[in-house]
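Engineer: Show me how the following folds:
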Amino acid sequence: MKKNNEKRNIYSIEVLGIMLGLLWIAPFYLMIVNAFKTKRDIFSGVLGLPEEWITENFVEAFLDLEFLQSLFNSVMITVLSVAVIIIFSAMAGYALQRNKSKLSGIMFFVFVAAMLIPFQSVMIPLIALFGQADMLNAGGLIFMYLGFGCSLSIFLYHGAMTGVSKSMDEAAIIDGANRFQLFWFIIFPLLKPISVTVGILNVIWIWNDYLLPSLVLNESNATIPLKMFYFFGQYTKQWHLALAGLTIAIIPVIIGYFFAQKQIIQGVSEGAVK
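Structural biologist: Below you'll find the predicted structure:
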C-alpha cells in the first residue's frame, strides 16, 4: 500500500512537471512559430504551424534592428560592468570582513541597507547629477551599474570570506607576499564559486535592463532591450517582424548559456554548498 502511494506521488509530480514545462515553453513556441509567418497567417491562426516558412522576416528584422551594433553595445556594457563589479566588490568584501572595527561594520551596514533603496527613488537626481557632469554615455552607465550592483555583490563576497581561514593571510605574509599578492593570487582564486554567482546575477540584470539605458543612452548606442523598444514602436502592428526581431534578440542569451552552462552550474552548486 505504501509503495503504491509513493508511485502515485511520483507520477503526480512527473505530470505536474510536464504541465509546468509545457506552460513555460508555450510563449517561446508562439514567438518562434509566428516569426516565420506572414501578418495575415498570424491573425488567421496563431497556434498552428505556418503554411510557408518565411525567412525574409528575419532578414528585415536583422537589418532594421541594427543587430550587430546593438549586440556589440550590450556585450561591451555588460562585460565591463560585471568585471568592475566583481573586482571592486571582491576587494571591498575582503577588506570589510578582515578588518573588524566599528567603521567597517558601519560601512557594511550601509552597503546592505542600500539594497533596500529602489532605483526609482533616486532616478531623477541621479540622471540630473550625471547630466551636469556630462556622463550620460556608456561610461557613465557602467559607473551607475557599479554603484547599484556592488551592494548585493559585497554582501555575497563578505559572506564567502567567512569560510576562508585568516591563517592563510598570515602564512602568505610570512612568506613575503604583500597585500596585493595576498588577495589576487591566494584569496581571490578561492572565491571563484561566489564570483561565478555574482557574475550570473549581474549579467542577467544588466543584459536585460531597459530602464537605466533608456535614461542614459541614445538610439545610436542603444543596447538590445532598448533597441527592441524602438523596434516594437516601429512595428506595433506588424507582428511577424516584431516576433522575428524578438527571436533574434534572444539568440545571444541561448548561445551564451550553451557555452557557459558547465561553469554556471558548477559555480552555483559550489557557492550553495559553501
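Engineer: Residue ranges in the stretch 101-250 of the chain under the pLDDT threshold?
Structural biologist: Applying pLDDT under 70 to the stretch 101-250 of the chain flags residues 234-236.
Engineer: Tell me where it has helices.
Structural biologist: With DSSP state H, counting those that start in this stretch as the definition, the stretch 101-250 of the chain shows helices at residue ranges 102-114, 119-132, 138-161, 167-174, 179-182, 188-190, 192-208, 211-216, 224-234, 239-273.
Engineer: send the alpha carbons of the third one over as CSV?
Structural biologist: So that's helix 138-161. What follows is helix 138-161, C-alpha atoms only, in CSV (Å, rounded to 0.1, in the frame of the first residue of the first chain):
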residue,chain,number,x,y,z
ALA,A,138,28.2,54.2,-21.9
GLY,A,139,31.0,55.1,-19.4
GLY,A,140,28.5,56.8,-17.1
LEU,A,141,26.1,53.8,-17.4
ILE,A,142,28.9,51.4,-16.4
PHE,A,143,29.7,53.6,-13.4
MET,A,144,26.0,53.6,-12.4
TYR,A,145,25.8,49.8,-12.7
LEU,A,146,28.9,49.6,-10.4
GLY,A,147,27.0,51.6,-7.8
PHE,A,148,23.8,49.7,-8.0
GLY,A,149,25.4,46.3,-8.3
CYS,A,150,28.0,46.4,-5.7
SER,A,151,25.7,46.3,-2.6
LEU,A,152,24.5,42.7,-3.2
SER,A,153,27.9,41.6,-4.5
ILE,A,154,29.7,42.9,-1.5
PHE,A,155,27.2,41.2,0.8
LEU,A,156,27.9,37.9,-1.0
TYR,A,157,31.7,38.2,-1.0
HIS,A,158,31.6,39.3,2.6
GLY,A,159,29.7,36.1,3.5
ALA,A,160,32.0,33.9,1.4
MET,A,161,35.1,35.4,3.1
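Engineer: For it, name the packing helices and strands.
Structural biologist: Packing partners of helix 138-161 (3 or more C-beta pairs under 8 Å, 6 or more residues apart in numbering; DSSP states H and E): helix 67-98, helix 102-114, helix 119-132, helix 192-208, helix 211-216. Quick note: C-beta positions are derived from backbone N, CA and C, even for glycine.
Engineer: what does the fourth one give?
Structural biologist: Contact analysis of helix 167-174 by 3+ C-beta pairs under 8 Å, 6+ apart lists helix 179-182 as its packing neighbours.
Engineer: Could you pull out the buried residues of the helix it packs on?
Structural biologist: For helix 179-182, burial by neighbour count (16 or more other C-beta atoms under 10 Å) applies to residue 182.
Engineer: tell me the centre residue of the protein?
Structural biologist: In the chain, the residue lying closest to the centroid (C-alpha atoms, centre = their mean) is residue 204, at 1.3 Å.
Engineer: sorry, back to before: out of the helices and strands packed on helix 138-161, nearest to residue 23?
Structural biologist: helix 192-208 (21.1 Å; C-beta to C-beta).
Engineer: Okay, buried residues for that closest one please.
Structural biologist: 193-203, 205-207.
Engineer: hang on, the earlier thing: quick one, which of the helices and strands packed on helix 138-161 is nearest to residue 249?
Structural biologist: It is, among the helices and strands packed on helix 138-161 and with distance given as C-beta to C-beta, helix 67-98, at 7.9 Å.
Engineer: Which neighbouring elements make contact with that closest one?
Structural biologist: Applying 3+ C-beta pairs under 8 Å, 6+ apart, one finds that helix 67-98 contacts helix 102-114, helix 138-161, helix 192-208, helix 224-234, helix 239-273.
Engineer: re earlier: export the helices and strands packed on helix 138-161 to JSON lines and append columns for distance to residue 25.
Structural biologist: Converted to JSON lines, the helices and strands packed on helix 138-161 look like this (distance: least, C-beta to C-beta, whole Å):
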{"stretch": "helix 67-98", "distance to residue 25": "24"}
{"stretch": "helix 102-114", "distance to residue 25": "37"}
{"stretch": "helix 119-132", "distance to residue 25": "31"}
{"stretch": "helix 192-208", "distance to residue 25": "19"}
{"stretch": "helix 211-216", "distance to residue 25": "28"}
